[in-house]
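*Asks:* can't give you the sequence, but here's the structure:
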């Protein structure tokens, strides 16, 4: 799905399916869950609904950036590394 993320239909489906689960997973107490959520965030960034307005899109991007910052300051080293790698990959796109 991620390869076709730029398609509005796929992007909308990713937002509906992954959105609620992703945000909970990024805040989970289990480090493995946060680690996996970082990988999903990397592949879906920015997780947004293409049919929503500009304000909603900006809010989604802001929420994603805040999640990346949180990952990079996580108490678990592997999660910090995943957050740093996710940020680097997103910035390189």
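*Replies:* Ah, there it is. Predicted model only: the values in this text are computed from it and were never measured.

*Asks:* Mind jotting down where the helices sit in the chain?
*Replies:* For the chain, the helices defined by DSSP state H occupy 8-26, 31-44, 54-72, 77-92.

*Asks:* Surely residue 23 and residue 63 touch.
*Replies:* Yes: in this structure, residue 23 is within contact of residue 63 by Cβ atoms under 8 Å, at 7.4 Å. Where C-beta positions appear, they are placed from N, C-alpha and C, glycine not excepted.

*Asks:* Could you report the pLDDT at the residue nearest the centre of the chain?
*Replies:* Centroid-nearest residue in the chain, with Cα atoms, centre = their mean: residue 41, separated by 2.5 Å. Here, the pLDDT recorded for residue 41 equals 92.

*Asks:* what's the neighbour count on the closest residue to residue 34 other than its chain neighbours?
*Replies:* In space, and not counting its chain neighbours, residue 34 is closest to residue 79: 5.0 Å by Cβ to Cβ, 6 or more residues apart in numbering. Residue 79: 22 surrounding residues under other Cβ atoms under 10 Å.

*Asks:* Which residue is the nearest non-sequential neighbour of residue 52?
*Replies:* Residue 52 sits nearest to residue 60 (Cβ to Cβ, 6+ apart), 7.8 Å away.

*Asks:* my guess is that neighbour meets residue 47, correct?
*Replies:* Yes: if you go by Cβ under 8 Å, residue 60 and residue 47 touch, sitting 6.3 Å apart.
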